[in-house]
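> predicted model follows, preceded by the sequence.
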Amino acid sequence: MLIGPQNLARNLEAVRARIARAATLSGRSADSITLVGASKSQPLTTIAAAARAGLKDFGESYVQEALSKLDAAHEPGQGLPHITWHFIGRLQANKTRPVAEHFAWVHAIDRLKIAERLSAQRPYHAPPLNVCIEVNLAGEAAKGGAAPGDVEALASAVAALPRLKLRGLMCLPPQESEFEAQRRWFAELRRLFERLNAQGAGLDTLSMGMSADLEAAVLEGATLVRVGTAIFGPRQAALR
């Protein structure tokens, strides 16, 4: 069942309030944290309603589904030209070209081959593609991401690619029900982020935190949170 515009607006307000409270506790402004609506499986009508309610950033995870939305968003009468599109899913090498051509951000770089293809395929008339390196903090076999010990070398290689701009790190940690356990994973990513910056990496983005753990992420320095269920409700079946 699709969420109505009024409920969508209330959900957005509630999520923003959660971010603001956590930001205050961390001594930061809520304006320093970007909310990305994880909109996979959501129709363009819902995305448009969220945009009208003030959401500017949307994250997609499946290339085929995302491209149909991006194409429709630019049709006359949609009024959605100012959306910033983030690709937040695991990216296969044979699907890098449309992502390089159509997105502003890619959050889940986990190996150099993907980064090299994105750089080579990024149109020269477009600004450099903003990217984050995904870190598999717990070494979970079912998830993508570089091992923490490999991130320094990968970051150096990605930063040297001409059509990419390495912005920071991203993680999808193990699900934890205890708040302090959530914080420990996010603190691990923050420490890695700080080590890279101490070496001159110049990173400014920590993409971490979702519906169930965004407070813990913000308290550990998240600058970007990817929220789906808390905004849009339970996901519908997605077209991949």
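Thanks, I have it.
> what are the ranges of the helices in this structure?
Ranges of helices in the chain, per DSSP state H, are 5-25, 44-52, 63-73, 96-102, 112-121, 151-159, 179-198, 214-219, 229-232.
> which positions in the first one come out as buried?
Applying a neighbour-count criterion of 16 or more other CB atoms under 10 Å, one finds 8-9, 11-12, 15-16, 18-19, 22-23 buried in helix 5-25. To be clear about C-beta, it is placed using only N, CA and C from the backbone, and glycine gets the same treatment.
> what is the mean pLDDT for it?
For helix 5-25, the mean per-residue pLDDT is 96.
> what does the fourth one give?
Looking at helix 96-102 alone, the average pLDDT works out to 97.
> next one: the fifth one
On average, the pLDDT along helix 112-121 is 98.
> hey, C-alpha coordinates of it in CSV?
Listed next in CSV are the C-alpha coordinates belonging to helix 112-121 (Å, rounded to 0.1, in the frame of the first residue of the first chain):
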residue,chain,number,x,y,z
LEU,A,112,39.1,-0.4,-7.8
LYS,A,113,37.7,-1.9,-11.0
ILE,A,114,34.3,-0.3,-10.3
ALA,A,115,35.8,3.1,-9.6
GLU,A,116,38.0,2.9,-12.8
ARG,A,117,34.9,2.1,-14.9
LEU,A,118,32.9,4.9,-13.4
SER,A,119,35.7,7.4,-14.0
ALA,A,120,36.2,6.3,-17.6
GLN,A,121,32.4,6.4,-18.3
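> gap between the nearest residue to Leu203 once chain neighbours are set aside and Ala93?
The spatial neighbour of Leu203 that comes closest, neighbours along the chain excluded (CB to CB, 6 or more residues apart in numbering), is Gly168 at 4.4 Å. For Gly168, the distance to Ala93 equals 22 Å [CB to CB, to the nearest Å].
> residues near the residue nearest to Leu2 when sequence neighbours are not counted, how many?
The shortest distance from Leu2 to any non-neighbouring residue, by CB to CB, 6+ apart, is to Thr46 (6.1 Å). A count of nearby residues for Thr46, using other CB atoms under 10 Å, gives 21.
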